[in-house]
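In: here is a sequence with its predicted model. Questions after.
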Amino acid sequence: MRQLVQNLSDQIGKETFALICFLAFLFLAFSSLTPRFLTAANLSSMAFQLPVLGILTLAMLAPILSGGLNLAIIFTANLSGLTLAWTLLQAGGPDAGILAFVIGVAAALAVGAAAGLVMGLAVAYTGAHPILVSLAMMIFLRGLGEFLTRGGDISGFPEFVGTIGHGSLFLIPIPMIIFTLVALAWHLMLVSTKHGFSVYMIGSNLNASEYSGIPTKKTLTLIYTFSGVLCGIAGILMVSRFNSVRVGHGEALLLVTVLACFLGGIDPFGGFGKVMPVVIALIILQVLSSGLNLLGANQHLSTAVWGLFLILVMVIRHVINQLRNYLARRE
Amino acid sequence: MTTDPEWVLSLENVSKNFGGVKALTKVSFRVKPGEVHCLAGENGCGKSTLIKIITGVYTPSSGAKLNILGKEIEHITPALAREMGISVIWQDLALFPHMSVAENISFDEVVGFWPKLVRTESFKPKVEAILKRLNVEMDLDEPIKDLPIAQRQIVAIARALMGNAKLIFMDEPTSSLTQSETKMLMRIVQKLSEDGVAVVFVSHRLAEVLAISSQVTVLRDGHLVGVFPTEGMTQTKLAELMTNLTLVNEVTATPDIDTESILEIENLSRENEFQNVSLNIKKGEIVGLTGLIGAGRTELAHALIGMTKPTSGTIRLGGKEVNFSSIRDAILEGIAYVSEDRLSLGLIQPQSITDNIVTTVLNRILTFMGFVSTKKKESMVNYWIKELAIRIGEPSDAVSTLSGGNQQRVVLAKWLATEPQLMILDNPTVGVDVGARAGIFRIVKSLAEQGMGILLISDEVHEVHFNSDRVLVMTNGEINLEHNPLEHSVEQLESIVYA
């Protein structure tokens, strides 16, 4: 048994293993506290809620790995959603056909990519700090979006759009399928492509990467462009989940994505971190929130618990590091 | 001062371990008031550890005795060290670039635990008095960033004096100064010494150090070798004390290399950096390039690899004129550049040995689908680790865990993997100890024998003399002399460079 645990922990990394253990603990705790936790209804509801935050978190992940940040993710997603909504409305609103939807999706992804591209170019070629660049982009997109919508909601889409947000395929919620595919693609990109390799190297030392012949400017531009594309996907998913678009929708998720990255062991200074632990961290956050909700806790209280939990994780990590150093010194 | 203690600083029995590494073993170190003392030793001999213990950054192992101005100190902290009059001027000077001269000099008076309102004006008379004492004139309101490095150094010294320093450590103070600036610094040090302020030089520029200091303490591998008067000490003798090697300095130059040229530079210039540089490197030839820091050597290298654009002149590589717009272009054409700054440019320190070796050759380790192949990556890394005899734990360890010499081998590996035809080595032995240096030069020599052209840039005259086929001397951005190691002695080269 002990051997098995050791093997598992070696295979997937100590950090991931610890997160999985904690997730299992949460599952057990909530199942024993409320009979409604381990039910198909609750599990599927979690699987429907997680993907939007999940994809947005992945959009935040690569910029952080490269030593930056993308603060514009929410409004990029909003603008992409808006693009899709606008296309659908042009094609007749509730009567719009599948072709209009396909065009709308393509346009939405293009808008996301464009927003990312502009940020990437600014970061790569002017050397401006990503926080400033993405903050400026965020304010620009918000202003633009509010101007276009006059601050209101846009709704009235064909029924099949809702199917993407609420339907299931072989009992698996469609948003979950999309999220899984995106996460796998993201994992593959970071672990085994030239681009992914460059992201990690740039995150550790931009100048040394350039001296080694890594195309740093191209890589930085791509990082933000890809991040924008993911925001586009998240935006489309939000349209289909909520059946409406409003600029500012999901604003509260911005900082949660950053924290989910850190909870998943991404180095805040860049260069280190993987997709898998971040996904598990996301599931933990979702379980915490749904579980507390089932126990009758207030929605806001569960947000507070997220924050508290993250602080706790930082402290535990620090203590473990101290212990490890202490043990190493005694050897 | 009422009682003049014999020693301004006296240390005994100082040891310090880092993990299993013994950085210092029972070292003692003493400085008399007003003395100019040199602390000499190879990189990693424990010089910086010793300074950090004296200034309270590190705590020594038990049994150490520290005595400042005749007072036993139990536990020294950085603040206490400063209060007792011990001050360190680090190589980077630790000044605040956007603050004025006066603000920088009076900085330590200003900061404290409690915030307080400060008017820099109120410190000005004292600052002026100190500058006058040093016999220098300076605009007190000028921001530090607008000053040349030599002036900044004076600001750092003045800042130490503002805190009533009795002992000033200077870490490699002359390494970035020109000849005349160095002379000015020497004059100031002389002045300090006459005023009773002791100065400890930490430097590897042996000639300068021997000229100004009266005593030299030599450390080697964390042990005290001894304290010697500088009178009658020669550079070679000092170097031998530092390394414990009888320096078999054998010229390795190959006479009359008669192969085709790899690199031909004609009248290359870049404004304010170098002018009308012409040089030629043949296949299998090692060309040394030396000169004082600031002579334009690294700048020339940067232009060769496409980091900067020359304003005029031509570069031909293998007979073909090249005009690189990025270092990537240069790599593709077969140029490798080993940076002098291994810490921040040569290697990506926190990342693994494996990843550092393959950064330059990602295209060679892809699968047919375009993904990075773990198998190809591993076999490439294993090949180079074996080929260059790099001593490591695991290839997945961070490169920062390696010693200087082994890090430099990783740098060589990552560049050799690109199969270059020309290798530019910029101070390749910085931070590499003597034994490992010989190993690195053996690798370089064998590369030349296989036909690679090599440009060896170095501060150290000995290094270029003994390891190059011919040596070019650069002064103020121009190459004005060629030296043949087979015909002339290293002393001749030395007198030219330091003239």
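Out: Happy to help now that I have it.
In: could you pull out the buried residues of the strand or helix carrying residue B:277?
Out: Using DSSP states H and E, residue B:277 sits in strand B:274-282. By neighbour count on 16 or more other Cβ atoms under 10 Å in any protein chain shown, the buried set for strand B:274-282 is B:274-275, B:277, B:279, B:281-282. To be clear about C-beta, it is placed using only N, CA and C from the backbone, and glycine gets the same treatment.
In: other residues contacting it?
Out: The contact list for strand B:274-282 (Cβ atoms under 8 Å, 6 or more residues apart in numbering or on different chains) reads B:257-269, B:287, B:289, B:296, B:299-300, B:303, B:313, B:422, B:453-455, B:472, B:474, B:477-479.
In: what's the average pLDDT for that strand?
Out: Mean per-residue pLDDT for strand B:274-282: 88.
In: stretch B:242-253 too?
Out: Stretch B:242-253 comes out at a mean pLDDT of 71.
In: just the endpoints, please. Distance across it?
Out: 26 Å (Cα to Cα, to the nearest Å).
In: so who does the residue most central in space within chain A touch?
Out: Chain A has residue A:57 as the residue nearest its centroid, 1.6 Å off, counting by Cα atoms, centre = their mean. Taking Cβ under 8 Å, 6+ apart as the contact definition, residue A:57 lies against A:256-257, A:260-261, A:278, A:282.
In: from these, which ones fall inside helices?
Out: Among those, DSSP state H puts A:256-257, A:260-261, A:278, A:282 in helices.
In: ok, of those, which one's closest to chain B?
Out: Closest approach between these and chain B, by Cβ to the nearest Cβ: residue A:261, at 18.1 Å.
In: residue contacts, the closest one?
Out: Applying Cβ under 8 Å, 6+ apart, one finds that residue A:261 lies in contact with A:57, A:60-61, A:64, A:273, A:278, A:281.
In: so where's the stretch 201-331 of chain A uncertain?
Out: Across the stretch 201-331 of chain A, the stretches falling below the confidence threshold (pLDDT under 70) are A:328-331.
In: where do the strands sit along it?
Out: A:244-245 (DSSP state E, counting those that start in this stretch).
In: residues from it in reach of chain B?
Out: Within the stretch 201-331 of chain A, the positions adjacent to chain B are A:201, A:204-205, A:207-215, A:271-272, A:328-329 by Cβ under 8 Å from any Cβ of the partner chain.
In: picking up where we left off before, just curious, which of the buried residues of strand B:274-282 is nearest to chain A?
Out: Nearest member of those to chain A, counting by Cβ to the nearest Cβ, is residue B:274, at 20.0 Å.
In: quick one: the closest one and residue B:312, what's the gap?
Out: Using Cβ to Cβ, to the nearest Å, we find residue B:274 at a distance of 11 Å from residue B:312.
In: go on, residue B:406?
Out: 41 Å.
In: returning to that earlier point: export only the CA atoms of the strand holding residue B:277, formatted as CSV.
Out: The C-alpha coordinates for strand B:274-282 follow below in CSV (Å, rounded to 0.1, in the frame of the first residue of the first chain):
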residue,chain,number,x,y,z
PHE,B,274,34.4,50.5,-31.3
GLN,B,275,36.0,52.0,-34.4
ASN,B,276,37.5,50.5,-37.5
VAL,B,277,38.0,47.1,-36.1
SER,B,278,39.4,44.6,-38.6
LEU,B,279,40.2,41.1,-37.7
ASN,B,280,40.5,37.7,-39.2
ILE,B,281,40.0,34.3,-37.7
LYS,B,282,41.0,31.2,-39.6
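In: tell me which strands that strand pairs with, and in which orientation.
Out: Sheet pairing of strand B:274-282 (DSSP bridges) gives strand B:261-270 (antiparallel).
In: what about the strand it pairs with, average pLDDT?
Out: For strand B:261-270, the per-residue pLDDT averages 88.
In: output the contacting helices and strands for the helix ranked longest in chain A.
Out: Criterion DSSP H: the longest helix present in chain A is helix A:299-330. Helices and strands touching helix A:299-330, by 3 or more Cβ pairs under 8 Å, 6 or more residues apart in numbering or on different chains; DSSP states H and E, are helix A:253-263, helix A:275-294.
In: now find how far off-centre that helix is within its chain.
Out: Mean-position distance between helix A:299-330 and its chain equals 22 Å (Cα atoms, centre = their mean, to the nearest Å).
In: which of the contacts of residue A:57 sit farthest apart?
Out: Greatest spatial distance among the contacts of residue A:57 (Cβ to Cβ): A:256 and A:278, at 12.3 Å.
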